[in-house]
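J.: Here is a sequence together with a model predicted from it:
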Amino acid sequence: MLYIFTGDGKGKTTAAIGSLVRGYGAGKSCAIVFFDKNPDYCNELEVLKKLGITAHIFGENRMEKGYFRFTNEERDIGAAKKALNKAYELANGQVDILVLDELLNALRLNQIALNEAVKFIDFFPKNKYLILTGRGLPEEIKIRAEMISEVKKIKHPFDNGTSAQKGIDF
């Protein structure tokens, strides 16, 4: 089963992690692979591990000189490939729910080719749950989904120049 949380609003990762926590509480085996996120800015990582949820993070530091680096470098593409390889490893195991956080962003940023993502989705066992998050939803993935929720931004502190807040935004 393919579930997707997408859109330009805040809360996609939060919704996916909520699904993991709910599944874990119901006795399901749960895992998450973070694409394009750095451990220094992913405060949920250690909590998930403490709960017993398998969590792996792949991403380079995009904060440079106080600014976010929007450009891709080879190291970003390499990290995304490692993340996808980890997803394959987890899919071959006994995981009931697997979240690929920001996979859609990795596609949109050309860190992962669309055909590679579709190949993984088609490979993933249909009796398990695969949850994708991120902005931008290609039609080739959309048509494979059983559930899609769009998180829409109506208003955000970033619009007024407020920077990301630790514990709320990361």
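T.: Yep, that arrived. Residues are numbered from 1 along each chain as shown.

J.: ok, Asn110 - contacts?
T.: By C-beta atoms under 8 Å, 6 or more residues apart in numbering, Asn110 lies in contact with Asn72. Where you see a C-beta, it was placed from the backbone N, CA and C, and this is true even at glycine.

J.: Assign it to helix, strand or coil.
T.: coil (DSSP: H, G, I helix; E, B strand; the rest coil).

J.: Mind listing the residues bridging to the residue nearest in space to the middle of the chain?
T.: Closest residue to the average C-alpha location of the chain: Asp101 at 0.6 Å, with C-alpha atoms, centre = their mean. On the basis of DSSP bridges, Asp101 is bridged to Phe34.

J.: got the contact list for it?
T.: Going by C-beta under 8 Å, 6+ apart, the list of residues near Asp101 reads Thr13, Ala16, Ile32, Val33, Phe34, Phe35, Lys37, Thr133, Gly134.

J.: got it, and Leu107?
T.: Leu114, Ala117, Gly134, Gly136, Pro138.

J.: Of those residues, select the buried ones using a ChimeraX command.
T.: One line in ChimeraX is enough to select the buried members of these, burial here meaning 16 or more other C-beta atoms under 10 Å:
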select :117,134
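
J.: Mind checking which of the contacts of Leu107 are in helices?
T.: Leu114, Ala117 (DSSP state H).

J.: The contacts of Leu107: which two are farthest apart?
T.: Leu114 and Gly134 (13.0 Å; C-beta to C-beta).

J.: Check which helices and strands the longest helix belonging to the chain sits against.
T.: For the chain, the helix that runs over the most residues, judged by DSSP H, is helix 74-91. Counting contacts by 3 or more C-beta pairs under 8 Å, 6 or more residues apart in numbering; DSSP states H and E, helix 74-91 is packed against strand 30-35, strand 54-58, strand 97-101, helix 114-123.
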